[in-house]
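J.: Got a predicted structure here, sequence first:
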Amino acid sequence: MTRLKIQTARQCHNKLKVIQLAILASITIGLSGCLSERFRHERYICDSGISGISEVIINETKIGDDLKIMKNNREYFATIQKSNKNEIYAENKESKFQINRSNGLIKLLHGKDYLVINCNKTIFTM
C-alpha cells in the first residue's frame, strides 16, 4: 500500500511539472509576440530652407506605401519605390526622394533642381 502511494505521488508530481512547463512555455510564447514592433513612426525634421520641406513622416516602409512630406505648411505624399534598412526611395509627380535612414540626409530631385537636405531623425515605436 505504501509503495502504491509513493508511485501515485510521483505520478502527480510529474504531471504537475508537465503542467508547469506548459504554462511557462505558453507565457513565454505570448510575451515574445509583445516584444516586436507593432507601430513605427520615423520622423525627419528638416531646416526647410530653399526646399520648403520641414518634415518627412514615415509610418510604413513597404514598397507602395506612402510617406508624408510637410512642405510650406502643406501636406504632400510620395510613394515608396524601394526600401531597405539603410535607405528609402520615394517619388511623386513632382519629385524624387532618397532618404538615408541612418544619418537623416535627404536627397531631392525636383524637376531639374537637385537639393541635399540635412534632417534630424526621431523614431517612435510601440
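T.: Okay, I see it. Since the structure is predicted, the reported quantities are computational estimates derived from the model, not experimental observations.
J.: For the rest of this, base every contact and every neighbour count on C-alpha atoms.
T.: Noted.
J.: Quickly note the distance from residue 24 to residue 106.
T.: Residue 24 sits 47 Å away from residue 106, going by CA to CA, to the nearest Å.
J.: Same question for residue 49.
T.: Taking CA to CA as the measure, residue 49 and residue 106 are separated by 13 Å.
J.: out of these two, which sits in the more crowded spot?
T.: residue 106 (22 against 9; other CA atoms under 10 Å).
J.: Give me the helices and strands touching the strand or helix carrying that one, please.
T.: Using DSSP states H and E, residue 106 sits in strand 105-110. The contact analysis (3 or more CA pairs under 8 Å, 6 or more residues apart in numbering; DSSP states H and E) places strand 105-110 against strand 95-100, strand 113-125.
J.: how about a cut-off of 10 Å?
T.: Applying 3 or more CA pairs under 10 Å, 6 or more residues apart in numbering; DSSP states H and E, we find strand 105-110 packed against strand 40-46, strand 87-91, strand 95-100, strand 113-125.
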